[in-house]
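[1] One predicted model, sequence on top.
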Amino acid sequence: MADLFDSSTDRPDRGHDAPRPLADRLRPQSLSDVIGQEQVLGPEAPLGTMLAAGSLGSLILWGPPGVGKTTIARLLARETDLHFVQISAIFSGVPELRKVFEAAKHRRANGQGTLLFVDEIHRFNKAQQDGFLPYMEDGTILLVGATTENPSFELNAAVLSRSQVLVLTRLSLADLERLVQRAEQELGKALPLTGEAREALLEMADGDGRALLNLVEQVTAWKIEGKLDVEGLSSRLMKRAVVYDKSGDEHYNLISALHKSVRGSDPDAALYWFARMLNGGEDPRFLARRLTRMAVEDIGLGDPQAHRVCLDAWETYERLGSPEGELALSQAVIYLALAPKSNANYVAFKAAMAAAKKTGSAPPPKHILNAPTRLMEEQGYGDGYAYDHDAPDGFSGQNYFPDDMKRGVYYVPVERGFERELKKRTDYFAKLRRKRL
């Protein structure tokens, strides 16, 4: 398994006459042939700089499927004259790793280094990841790991501290078009598609170069006359499944995009991310809960009705189910996005919590304590309490904080929505309080 790919050919051992997939036939032979990822491969980019300086270190390549992680690793081995070994964390365990490390030690003793490419490296557990450390430190291997998951969450801090994380991005439509042109050159013929159908094909790939080439192979195998339009293409090909992991990066990335679009008062963007999550299979109940959180965190008293709208939409979904109930949730998305925003309550609550922790068990002032017993009366409980309803303006202005505590100001309403009215009230009571001092 460890030496499945030989560094001299960088290709699996196959019969010479066996048909090879288009993606394999178009695999770049040098880093300059790689399409996309200029932010990593450019002359001033991390890999370009490392190779120019002759100081390549261990790497973690983080990015979605089909963007060139394996290809880049293989080409790095070629550029640095290292023996290329590829393993997959899905199929390899401790025994396989030991064999890989032993073989790398022998190569090192004979003067050749090893670039160990570990696909899906996040699948290894902590103990297995720890096993790489001594061989990385003594130079037995140069580790290049590939992962579709956030390394910050999935990889040991020790491995990360000895590696540089490089972020690879999904291919743009322009990148995918270049890839199609390269495929047409390899195949010796143009795709039988209209311009609109060609664009639809690129979109079907969803930024995945490998998926695009598989689609191209399917299209070129059809026996058709003329050119297919979008409808003809769509009837023959299914759109690639959306990349969405309800417990992984895409889940957190998309809910962050939805939340920030609502906070940014953009109903169209908010609806888009809401729809993306539903299309990916997200539980509408999770979205209902998150929308309610947005209402209390980002809108608050700017529009006190907002959280009620969310709760009503949530209940409507529970009664109707999908897909009709999702319309109620989308209505809440629009309402929240267009509601006046205020996090004054959120900020005030955090500040009050911090003050409560700091002051510990400081007691309330005695004048606001009840005195149900004679002993408590003798201790001065309730002495001097001013009954606010007896004041002409219904406001006594007394101190309600602990005696030794400086008065705190936590709630500062904004000049938006309903809080504009609340600000008038807080300013009014602050003015009265100053008169009572």
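    That came through fine. This is a predicted model, so every value here is computed, not measured. Numbers count the residues shown, from 1 in each chain.
[2] Give the helix, strand or coil label for the most centrally placed residue in the chain.
    What sits nearest the mean C-alpha location of the chain, by C-alpha atoms, centre = their mean, is Asn253, with 3.0 Å. Secondary structure, DSSP: H, G, I helix; E, B strand; the rest coil: Asn253 is helix.
[3] For Leu336, see how far away it is.
    Using C-beta to C-beta, to the nearest Å, Asn253 is found at 20 Å from Leu336. Just so you know, the C-beta spots here come from the backbone N, C-alpha and C atoms, and that holds for glycine as well.
[4] Give me the local confidence score for the residue nearest to the centre of the chain.
    Looking at Asn253, its pLDDT stands at 85.
[5] Against Phe84, how distant is it?
    32 Å.
[6] For Cys310, give me its contacts.
    288, 291-292, 294-295, 332, 336 (C-beta atoms under 8 Å, 6 or more residues apart in numbering).
[7] Roughly how far does it sit from Val67?
    Cys310 is 37 Å from Val67, by C-beta to C-beta.
[8] cool, Thr114 as well?
    Using C-beta to C-beta, one gets 25 Å for the distance from Thr114 to Val67.
[9] Next step: the contacts of Cys310 restricted to helices.
    In this view, the contacts of Cys310 that belong to helices under DSSP state H are 288, 291-292, 294, 332, 336.
[10] Among those residues, name the buried ones.
    Buried members of the ones in helices among the contacts of Cys310, counted by 16 or more other C-beta atoms under 10 Å: 288, 291-292, 294, 332, 336.
[11] and of these, the nearest to Leu369?
    Using C-beta to C-beta, Thr292 comes nearest to Leu369 of those, at 36.8 Å.
[12] In contact with that closest one, which residues?
    307, 310-311, 314.
[13] In PyMOL, select just the buried ones from the residues you listed.
    Typed into PyMOL, the line below selects the buried ones among those, using 16+ other C-beta under 10 Å:
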select buried, resi 307+310+314
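[14] I'd like to know which of the contacts of Thr292 is nearest to Phe429.
    Closest approach between these and Phe429, by C-beta to C-beta: His307, at 25.0 Å.
[15] Contact partners for that closest one?
    Contacts of His307 (C-beta under 8 Å, 6+ apart): 292, 295-296, 299.
[16] Of those - the most surrounded one?
    Taking other C-beta atoms under 10 Å as the neighbour criterion, Ile299 ranks highest of the contacts of His307 with 31 neighbours.
[17] just checking, Leu155 touches Leu61?
    No - with contact defined as C-beta atoms under 8 Å, Leu155 does not count as touching Leu61 (12.0 Å).
[18] Save the contacts of Cys310 as CSV, and put in pLDDT and distance to Asn125 too.
    Converted to CSV, those look like this (pLDDT from 0 to 100; distance: C-beta to C-beta, whole Å):
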residue, pLDDT, distance to Asn125
Ala288, 95, 35
Leu291, 97, 36
Thr292, 97, 36
Met294, 96, 36
Ala295, 96, 40
Ala332, 97, 41
Leu336, 96, 41
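[19] out of the residues you listed, who's nearest Gly325?
    The shortest gap between Gly325 and any of the contacts of Cys310 belongs to Ala288, at 9.1 Å (C-beta to C-beta).
[20] surely the closest one meets Ser330?
    No - here Ala288 does not reach Ser330: they are 11.1 Å apart, not a contact under C-beta under 8 Å.
[21] Distance of the nearest residue to Glu326 once chain neighbours are set aside relative to Leu168?
    Distance criterion C-beta to C-beta, 6 or more residues apart in numbering; nearest residue to Glu326, sequence neighbours excluded, is Pro284 at 5.7 Å. Using C-beta to C-beta, we find Pro284 at a distance of 32 Å from Leu168.
[22] How about Met376?
    Relative to Leu168, and taking C-beta to C-beta, Met376 is found at 70 Å.
[23] who has more neighbours, these two?
    Leu168 (20 against 14).
[24] which residues does Leu173 contact?
    Applying C-beta under 8 Å, 6+ apart, the residues near Leu173 are 199, 202-203.
[25] filter these to the buried ones?
    The neighbour count (16+ other C-beta under 10 Å) marks Leu202 as buried among the contacts of Leu173.
[26] would you turn the contacts of Leu173 into CSV with distance to Phe418 and pLDDT?
    Output for those, formatted as CSV (distance: C-beta to C-beta, whole Å; pLDDT from 0 to 100):
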residue, distance to Phe418, pLDDT
Glu199, 47, 92
Leu202, 47, 91
Glu203, 43, 88
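[27] Next step: the contacts of Leu173 restricted to helices.
    Per DSSP H, these map to helices at 199, 202-203.
[28] Doesn't Ala362 belong to a strand?
    No - Ala362 is assigned coil when assessed by three-state DSSP, not a strand.
[29] ok, now how distant is it from Trp273?
    Distance from Ala362 to Trp273, by C-beta to C-beta: 45 Å.
[30] Neighbour count for those two, which is higher?
    Trp273 (21 against 13).
[31] where does the stretch 301-437 of the chain dip in pLDDT?
    437 (pLDDT under 70).
[32] And the helices in it?
    Assigned by DSSP state H, counting those that start in this stretch, the helices in the stretch 301-437 of the chain fall at 306-320, 324-338, 344-359, 374-378, 419-436.
[33] now the second one and helix 306-320, what's the angle there?
    So that's helix 324-338. For helix 324-338 against helix 306-320, the angle by axes from the mean of the first three to the mean of the last three C-alpha atoms, to 10 degrees is 170 degrees.
[34] so how far is helix 324-338 from its chain's centroid?
    Chain-centre distance of helix 324-338: 23 Å, with C-alpha atoms, centre = their mean, to the nearest Å.
[35] where along the stretch 101-250 of the chain do the strands fall?
    114-119, 142-147, 164-167 (DSSP state E, counting those that start in this stretch).
[36] Of those, which is nearest Pro21?
    Among those, the nearest to Pro21 by C-beta to C-beta is strand 114-119 (17.4 Å).
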